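1. Below is the sequence, then the predicted model.
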Amino acid sequence: MPLTTVAEGRVYDWSHAVGRNAARGPGFNYVQSMCLAKDGILFATNRGNENNFGMHVNKVRIGGPGEEEHLADFCEYGEGDGKCIWPFGVAVDGNDHVYVSDDWQNTISVFDSSGNFQRKWGKTGSGDGELMHPAGLAVEKNGNIIVVDSGNNRLQVFTPDGRFVGKCGHGGSGDGEFNQPWGITLDKEGNIYVADWKNHRVQKLSPEGKFLMKFGQYGSVEEPEGSYPVTTFGPYVMSGSETAGYPKPGMLNHPTDVAVDPDGDIYVTDWGNHRVCVFDSEGNPICNLIGDAQVLSKWGQQTVDANPDMAKARRRVRSLEPQYRLCFPTSVEFDPATDSVIVADSQRNRLQIYKKVRDYSDFQANL
Amino acid sequence: MAYQDDIALMAHLMRRAGFGAGREELEARVAKGYEATVEELLDPETQPPVDAYTLLRYQPASLLPGGQPPMGNVNWMYYLVNTKRPLEEKMALFWHHVFATGNSKVDNYDQLLQQIELFRENGMGNYRELLVKVAKNPTMIFWLDNQQNHGTAVNENWGRELLELFSLGAGNYTEKDVRECSRAFTGWTFETKIPRAPYGRFPWRFEYRPEDHDDGEKEFLGHKGRFNGEDIIDIVVQQPACGKFICRHLYNFFVADEPQVPAWPIEAPQDQKAIDTLVGAFRDAKFDMKPVLRTLFNSDFFKNARFKHMKSPAEVVASTLRMVGGHELPKPGYGELSMQPTYMGQDLLNPPSVEGWHTGKEWINSGSLMARINFVAEKVGDTSLPGVRAIIDRIKTKGSVSPEQLVDDCLDLIGPVEVGADTKQELTSQAKEWGQISWGNGNADVADQRVGQMLQLIAATREYQFG
């Protein structure tokens, strides 16, 4: 079970995990999306559930191993200003304002970086400027906000105060068409990448919304005989086999998010296949990251330390490998400041962080 | 009239083998034919599976919901409402009632949902194979303490229930058989699982520990040998009592209400001939369930059993939500919606005991009856819901209807539901107070409302509680 993933011209080292299962406070509760702000600050939307009503946005400082810090919770469950029913997309602009889409109320709420409510806009519908199940958000260089208007299968652009600027796309599976898209990111040229969820692909559009490229085709994780199904829908674990049941590179099953690093490499959270697929800038598959969390996060370790029965049970488990693996990852970000790939491991309520190693030299084979 | 009978019969089949059907679907199925519909129901893989990914996009916590309601219930309710394989889901409900396993002890809806998936996948397969899978199912092992059944210290909980409630019924085995049966299942346990903290739940896996198995000779139901668990199941399914017990369960669930299970040793079935027919099919098919279900649904005793079955709360809720429509997406509030059967006395994934629920007239008491009526009335009275609108639109094509027509049309389109003369008179008397209903001259809103109100009144009748 290697911690280093080596592929043609690339090396990814698993670094650490951040988080634990928590409806509020230090931890996450079914992250739907996340975004990086300055100085290693990360905002994440949490879907929660109808028992804990832990829907909220949290603000976390990532740091290195063991350095994570919970800074704030805001945008909690509710219908009034500053509340959300189903928080989904999140993005931060150049003024450190945080934009949050509400998948159910069809609104975009704006907060300052401390989580204080500023304003909101959004009206249910399919006309210009109207929203239906808004998902991912991205901020353009000029400060405008691109909203993945998922229920209307299109992207819409708004000014920071919510005035409609433009739109592109409609329902379908052709070029520039979408089927319930989820996450979005922009590269340094402002090109737009969209996780076209139900079309099982990623589309790249120009800053003006013109179709440029698509990649990915449907392929689903399968249950190998004798494997351990971590959930009814995978992942499947077979001791010592990192390929257990995973489809070939380049195949996607309901992708949820995209990130692009400064080299142009593209990271896709392959949600239904429980992995992150890495593609080159042309959309050719390079390798997969399947989750390698062999070390508990700081908050996770604190939980175990506080529960002797949990610690005891963990020592009796035949293999902890099922815990290493990603399970329905929803969101991915690349932090150029630390060369980190940050993955929201949604069903495990944590982040898994890999480092893109640029100066890796191989070790002697006869060590 | 013959066509109307066909519609009524198809509605009966779809209520029992599924969770009801709207008029458009009933008409399409009548055009296809009764036996062809039975075959389609028996071959669920011809229909697409439920889109679980949509559920997990909107309600991700329903995948591994842990020990607290309602997210486990959300998961199953989504399947009940959306399935295009209604008999597959109905059989999952059937086996959940027979192999009743509950969250009150398991404290883990993940494991219970995994068991429901087992029933979904194997519920129409071979009963002997299903019994083996259930015996190896960690949720059942924990529920009936078989992880504490050791070669040197026998725990009889699983062994007893296997015989009493899962296969033969009381009176068809001795205490010695229970002991010997339990000895055969020693060493059938599960691995330690990764605990729930800090990252959420992980599943159990079955484990056979030969060193903990009592490999000695056993004497069981007249057979002698060094039996292991599967040998015991092979002997059990060959017992005449086994077919009778399972087929009586099928009759009670799909045909007409029987006394509660504990009374079966002393109360004969109401239709012994029907049970014998089913038992014959069970035996001839070597315990395959599909031929038994085919025999059941095509039989006269089934076709003649309309409204001889009290709808279970799960049937009330799922059939109402499917009929009125608009609940296909797992929207906010689905948790409360999915707990409705609980409020009516059927806490899905958490039956009151290993015996399952008491059925038939025992579903009804003053509280549960009000819960049933209020739930259905709220839904069928919402004229914005697509299924209710479809009923209104059909009546609306007549332009205007008399009070008698309004009653007849609503009874027809919500079922058809058959009511007694007294009930019909009450309904008509109310409709007469409203007078002629017309959609012309700006009266459309009032007319829509009257249809909704009549549907609400029908939902409150005694007859509507039967399916």
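-> Nice, thanks for sending it over. Residues are numbered from 1 along each chain as shown, chains lettered A, B, ... in the order given.
2. Residues of chain B that sit close to chain A?
-> By CB under 8 Å from any CB of the partner chain, the residues of chain B that approach chain A are B:52-53, B:56-65, B:68-71, B:74, B:110, B:113-114, B:117, B:191-200, B:202-203, B:205, B:331-336. The way it works is simple: take the backbone N, C-alpha and C, and place the C-beta from them, glycine included.
3. Can you list which of those residues are found in strands?
-> Nothing among the residues of chain B next to chain A maps onto strands, per DSSP state E.
4. Report the buried members of those.
-> Buried subset of the residues of chain B next to chain A (neighbour count, 16 or more other CB atoms under 10 Å in any protein chain shown): B:52-53, B:56-65, B:69-71, B:74, B:110, B:113-114, B:191, B:193-200, B:202-203, B:332, B:334-335.
5. C-alpha coordinates for the strand or helix carrying A:Ala344, CSV please?
-> Element membership for A:Ala344 (DSSP states H and E) is strand A:340-345. Provided in CSV are the C-alpha atoms of strand A:340-345 (Å, rounded to 0.1, in the frame of the first residue of the first chain):
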residue,chain,number,x,y,z
SER,A,340,-1.0,20.4,-2.6
VAL,A,341,-3.9,18.5,-4.1
ILE,A,342,-6.7,18.8,-1.5
VAL,A,343,-9.5,16.3,-1.8
ALA,A,344,-12.9,16.4,0.0
ASP,A,345,-13.4,12.8,1.1
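6. Need the residues that contact it.
-> A:12, A:15, A:17, A:28, A:31, A:33-34, A:36, A:42, A:44, A:62, A:257, A:259, A:261, A:267, A:269, A:276, A:289, A:291, A:293, A:326-327, A:329-335, A:351-356 (CB atoms under 8 Å, 6 or more residues apart in numbering or on different chains).
7. what does stretch B:174-190 give?
-> B:135-136, B:138, B:141-142, B:146-147, B:149-151, B:154-156, B:158-160, B:162-163, B:173, B:204-214, B:216, B:218-221, B:227-229, B:231-232.
8. since we're on A:Asp309, how many residues are nearby?
-> 10 (other CB atoms under 10 Å in any protein chain shown).
9. in the strand holding A:Ala344, what's buried?
-> A:340-345.
10. Need the mean per-residue confidence for the helix or strand harbouring B:Glu35.
-> B:Glu35 belongs to helix B:34-42 when elements are defined using DSSP H and E. Across helix B:34-42, pLDDT averages out at 98.
11. May I see the buried residues of it?
-> B:34, B:37-42.
12. can you check stretch B:108-124 too?
-> B:108-116, B:118-120, B:122-124.
13. what do you get for stretch A:157-173?
-> Buried residues in stretch A:157-173 (16+ other CB under 10 Å): A:157-158, A:160, A:162, A:167-169.
14. out of these, which one sits closest to chain B?
-> Taking CB to the nearest CB as the measure, A:Gly169 is the one of the buried residues of stretch A:157-173 closest to chain B, at 19.0 Å.
15. Was I right to think the closest one contacts A:Gln180?
-> No. Using CB atoms under 8 Å, A:Gly169 is not in contact with A:Gln180, being 11.8 Å away.
16. okay, and the common contacts of those two?
-> A:Asn153.
17. so where's the chain shaky on pLDDT?
-> All of this is about chain A. A:240 (pLDDT under 70).
18. right idea, wrong chain: chain B
-> For chain B, the ranges with pLDDT under 70 are B:1.
19. Now do the residue nearest in space to the middle of chain B against B:Asn103, distance only.
-> By CA atoms, centre = their mean, the mean C-alpha position of chain B lies nearest to B:Leu93, the distance being 3.3 Å. Separation of B:Leu93 from B:Asn103 (CB to CB, to the nearest Å): 16 Å.
20. Go ahead and measure how far the strand holding A:Ala344 is from the middle of the chain.
-> Distance, stretch centre to chain centre, for strand A:340-345: 7 Å (CA atoms, centre = their mean, to the nearest Å).
21. same question, stretch A:122-135
-> That offset, for stretch A:122-135, works out to 23 Å (CA atoms, centre = their mean).
22. what about that stretch and chain B, any contact?
-> No. Judged by CB under 8 Å from any CB, stretch A:122-135 makes no contact with chain B; its nearest approach is 9.0 Å.
23. thinking again about what came up before, sort out for me which of the contacts of stretch B:174-190 are in strands.
-> B:206-208, B:218-220.
24. No further questions, thank you.
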